[in-house]
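Trainee: starting from these lines, generate the structure:
(4 chains)
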2 protein chains.
Amino acid sequence: MLSKKTKYGLKALTYIARSKDEIPVQVGEIAKSEQIPQKFLESILLTLRKAGFLGSKKGKHGGYYLRKEPSEILMTEVMRVLEGPIAMVPCVSLNFYEKCDDCVDEHACSVHKLMIQVRDSTLQVFRNTTLADLSSK
Amino acid sequence: MLSKKTKYGLKALTYIARSKDEIPVQVGEIAKSEQIPQKFLESILLTLRKAGFLGSKKGKHGGYYLRKEPSEILMTEVMRVLEGPIAMVPCVSLNFYEKCDDCVDEHACSVHKLMIQVRDSTLQVFRNTTLADLSSK
DNA sequence: ATTAATCCTATCGATTTAATAGGAATTACA
DNA sequence: TGTAATTCCTATTAAATCGATAGGATTAAT
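Mentor: Modelled structure (predicted):
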């Protein structure tokens, strides 16, 4: 299940990408427009800023803006920051690999085999989708 | 993240599919072999039985057996029983659809668009995989 | 009868998630 | 210079979910 954090984060990024003006977009504006609890959204945008997707301007007339072109913001990267591993089990994760406690032979594990396929097909979607795709109507 | 319930369930189904004998497979045997807490596994196999994948025999020398050929047990069905919806958000779920509270226009929602793609690519894997594929080495 | 298995319900502890609270730091501008 | 508006940061909380356990009831073989 996609977390609200990720859902809100994607919506916010889309919102910012669509607002082409040079002036930063304020949290309050996004929260109102997208029906997101403002304080929660604040923390999400903070995460996205620290991850390098967003820049911010503080104080009056402050807000957030994209640091890259939408077409250069890949869903693989956004999803890993907001949602964590793309794989459904750590033992098939490319970026967050962990061995299973059980599972003597990873290679013989039926779950492993299946989840590699799921991971790859999901990755293919995320690798071929950028924020530009999301924000185009 | 894949739940332990689903992981254990898939492993157990694979185990039963691989044991070709006519005699039912006991929970204790699976639990020991696959390193799964026995009581937890009991409840999972019960779920799989109620869903029609497994039959059971009670009492001494009892256990579980498959009710269909492994090649007729689709991952779409197993995953929906064990893990629930395949989609990452209810608003793109085929079998468990729910409208979002926020989201005025589903059609214009960027998350919706993305998650439909993820759902479809995941479905493609599950639709093309049966228990026979999992249990083949 | 006794033993061994499934069946069933309830509960518990830990973790995660979603959200809230409260203010500190910074900036615009009157 | 002061006030309002905004981001920044940390801590806390309420609710939900998950993984596992407990304790037997029921059923069947020997």
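Trainee: is stretch A:45-64 positioned near chain B?
Mentor: No - contact of stretch A:45-64 with chain B (C-beta under 8 Å from any C-beta of the partner chain) is absent, the minimum separation being 14.8 Å. (Glycine included, C-beta is placed from N, CA and C.)
Trainee: which residue sits farthest out from the middle of chain A?
Mentor: Here the centre of chain A is the reference, and by C-alpha atoms, centre = their mean the most remote residue is residue A:104, at 33.3 Å.
Trainee: next, count neighbours for residue A:39.
Mentor: Here the number of neighbours of residue A:39 (other C-beta atoms under 10 Å in any protein chain shown) works out to 9.
Trainee: wait, does the helix or strand that contains it contact DNA strand C?
Mentor: Using DSSP states H and E, the element containing residue A:39 is helix A:38-50. Yes - contact of helix A:38-50 with DNA strand C (C-beta under 7 Å from any atom of the strand) involves A:39, A:40, A:43.
Trainee: SS state for the closest residue to DNA strand C within chain A?
Mentor: The minimum distance from chain A to DNA strand C, using C-beta to the nearest atom of the strand, falls at residue A:59 (2.2 Å). Of the three states, residue A:59 takes coil according to DSSP: H, G, I helix; E, B strand; the rest coil.
Trainee: that one and chain B, how far apart?
Mentor: Residue A:59 sits 29 Å away from chain B, going by C-beta to the nearest C-beta, to the nearest Å.
Trainee: could you do residue A:54 as well?
Mentor: From residue A:54 to chain B the distance is 16 Å (C-beta to the nearest C-beta).
Trainee: what is that residue paired to in the beta sheet?
Mentor: With DSSP bridges as the criterion, residue A:54 is bridged to residue A:66.
Trainee: need phi/psi at the residue in chain A that DNA strand D sits nearest to.
Mentor: Among the residues of chain A, residue A:56 lies nearest to DNA strand D; the distance is 3.3 Å by C-beta to the nearest atom of the strand. Residue A:56 adopts backbone torsions of phi -140, psi 160, taken as degrees, to the nearest 10.
Trainee: OK, contacts around it?
Mentor: Counting by C-beta atoms under 8 Å, 6 or more residues apart in numbering or on different chains, residue A:56 makes contact with A:24, A:45, A:49, A:62, A:63, A:64, A:65.
Trainee: just to revisit the earlier point, okay, the residue farthest from the centre of chain A: pLDDT?
Mentor: We have a pLDDT of 78 for residue A:104.
Trainee: just to revisit the earlier point, got the contacts of residue A:56 as JSON lines, with neighbour count columns?
Mentor: Below are the contacts of residue A:56 laid out as JSON lines (neighbours: other C-beta atoms under 10 Å in any protein chain shown):
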{"residue": "A:24", "neighbour count": "19"}
{"residue": "A:45", "neighbour count": "24"}
{"residue": "A:49", "neighbour count": "15"}
{"residue": "A:62", "neighbour count": "13"}
{"residue": "A:63", "neighbour count": "20"}
{"residue": "A:64", "neighbour count": "23"}
{"residue": "A:65", "neighbour count": "17"}
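Trainee: return the member of those residues nearest to residue B:80.
Mentor: residue A:45 (35.0 Å; C-beta to C-beta).
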